[in-house]
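# quick one: sequence plus predicted model below, questions after.
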Amino acid sequence: MTERDEVLDIAVIGAGPCAIAVGVAARQAGLRCTLFDKGAVTESVYRYPTYTTFFSGAEKLEIGEVPFTTAGDKPTRREALRYFRRVVAYFGVDVKQYEEVVSVAGQAGDFVLTTRRLSGSERTWRARAVVIATGYFDTPRKLEGVEGSDLPKVVYYFREPFPYWGQDVLVIGAGNSAADAALTTWREGGRVTMVHLFEGLDKGIKPWVRPDIENRILEGAIPALWEHRVTAIRWNEVDVEDLRTGEARTLANDWVLAMTGYVPDPGLLRDLGVSIDPQSGIPSHDRETMRTNVPGVYIAGVVAAGYDANKIFIENGKLHGPLIVADYQAGR
């Protein structure tokens with residue numbers, strides 16, 4: 001028996017902005033839709049660094065034509081968290097927070113989802129269609145094969161610079177997250193060194209951040225070891241290797257901020273039989289409908305980008321919701 005007698009039209013796994021867009025589109029179409037998330041609404045945005053400012057203007061993040069007003073030109077993390085919750089409340093989107101989907105079985109028209117709440121209790125739900133919108137923020141790209149990478153001093157989620165005052169900090173990576181972590185930590189009194197596998201900063205660095213981090217590197221305030229990799233991590237030091245010469249160096253170190261990016265977790269998709277390209281990590285799907293190769297199973301948001309998370313953001317991922325709902329209605 002299921003927890004509830006009625007069958008959902010659409011069950012959405014995830015409750016990030018792109019999942020909310022699915023829920024809003026479903027509500028506008030008069031469909032029965034529920035979002036399930038093992039964390040809070042927009043858990044991924046909540047995990048952003050405390051003082052994050054979005055790259056895009058507020059209007060590009062809007063869902064369901066609900067205005068997003070901000071104090072400045074760009075929305076902050078706090079403003080975004082409030083806005084997305086307002087959207088959920090305004091449309092009455094049904095969200096089951098802290099309720100993880102642990103398995104999905106069945107076929108189009110009759111899927112059965114098993115969920116687990118924080119208490120450990122489980123319940124089941126039925127749905128005619130399923131949308132996987134799990135994002136990628138739950139699965140950071142780990143430092144595989146690096147001795148000591150499991151030490152508590154290795155941090156994959158940078159929140160604030162204040163714990164690192166007066167500390168030797170190694171920032172791994174050279175993208176936006178790495179640049180933000182390096183700059184804010186240095187400004188709050190941390191001794192920061194950057195290390196990156198490639199020869200310079202990533203191309204996608206925010207235009208207002210690039211000159212700042214470039215100048216700090218140029219003046220030596222934040223040393224950058226280009227074309228280097230971390231080979232070992234210990235409590236008070238780290239070993240790095242120059243990939244050009246093979247030379248090894250040992251650096252004093254208190255913390256490692258591994259800003260190495262994130263990868264999607266394809267577990268539920270594979271369980272449902274969705275084909276995933278082994279090279280790109282992109283699930284098989286029709287971009288016009290977001291329907292996968294398995295009838296009744298859709299994807300939304302950054303999970304559709306596979307290993308290249310820079311292809312899909314809130315700005316374009318939110319467009320998946322109306323596509324999915326339109327296709328579902330057409331097939332009823």
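Looks like it came in fine. None of these values were measured; they are calculated from a predicted model. Numbering: from 1, shown residues only.

# not counting its neighbours along the chain, what's nearest Ala179?
Nearest non-adjacent residue to Ala179, counting by CB to CB, 6 or more residues apart in numbering: Ile213, 4.5 Å away. Just so you know, the C-beta spots here come from the backbone N, C-alpha and C atoms, and that holds for glycine as well.

# if I pick the one you found, what's in contact with it?
By CB atoms under 8 Å, 6 or more residues apart in numbering, the residues touching Ile213 are Ala179, Ala182, Leu183, Leu201, Ile205, Ile222.

# tell me the contacts of the second one?
Translated: Ala182. Val171, Val192, Met194, Ile213, Arg216, Ile222.

# over to the closest residue to the last one other than its chain neighbours. Which of the three states is it?
In other words, Ile222. Distances taken as CB to CB, 6+ apart place Arg216 nearest to Ile222, at 4.4 Å, with adjacent residues excluded. Counting by DSSP: H, G, I helix; E, B strand; the rest coil, the backbone at Arg216 sits in helix.

# so what's the residue count around Arg216?
Per other CB atoms under 10 Å, the neighbour tally for Arg216 reads 20.

# in terms of pLDDT, where does it sit?
On the pLDDT scale, Arg216 is placed at 98.

# wait, isn't it in contact with Arg187?
No. With contact defined as CB atoms under 8 Å, Arg216 does not reach Arg187; the gap is 9.3 Å.

# who wins for most neighbours among the contacts of Ile213?
Ala182 (30 neighbours).

# just to check, Arg47 is in contact with Phe137?
Yes. With contact defined as CB under 8 Å, Arg47 and Phe137 form a contacting pair (6.1 Å).

# of the two, which one has the most company?
Neighbours were counted for Arg47 and for Phe137 using other CB under 10 Å; Phe137 has more, 19 against 16.

# so what's the more buried one closest to, chain neighbours aside?
Excluding its sequence neighbours, the residue lying closest to Phe137 (CB to CB, 6+ apart) is Ser44, at 3.9 Å.

# and what of Glu122?
Here the residue nearest Glu122, using CB to CB, 6+ apart, is Arg116, at 5.0 Å.

# partners of that neighbour in the sheet?
Using DSSP bridges, the beta-bridge partners of Arg116 come out as Glu100, Glu122.

# ranges for the helices of the stretch 151-300 of the chain?
Using DSSP state H, counting those that start in this stretch, the helices found in the stretch 151-300 of the chain span residues 176-187, 210-218, 267-271.

# Tyr98: which of the ones you listed is closest?
helix 267-271 (17.8 Å; CB to CB).

# and that closest one, what other elements does it pack with?
strand 99-107 (3 or more CB pairs under 8 Å, 6 or more residues apart in numbering; DSSP states H and E).

# what about Arg191, how many neighbours?
Neighbourhood size, Arg191 [other CB under 10 Å]: 19.

# pretty sure it is touching Val171, no?
No. Applying CB under 8 Å as the test, Arg191 and Val171 come out as separate, 11.2 Å apart.

# the residue nearest to Glu122 is in contact with Glu100, isn't it?
Yes. Under the criterion of CB under 8 Å, Arg116 makes contact with Glu100 at 5.2 Å.

# would you mind measuring from the residue nearest to Ile222 to Glu241?
24 Å (CB to CB, to the nearest Å).

# try Arg47
Relative to Glu241, and taking CB to CB, Arg47 is found at 31 Å.

# repeat that for Asp327.
With CB to CB as the criterion, Asp327 and Glu241 are 50 Å apart.

# repeat for Met259
19 Å.

# the two: which is more packed in?
Ranked by neighbour count (other CB under 10 Å), Met259 and Glu241 place Met259 first, with 25 against 18.
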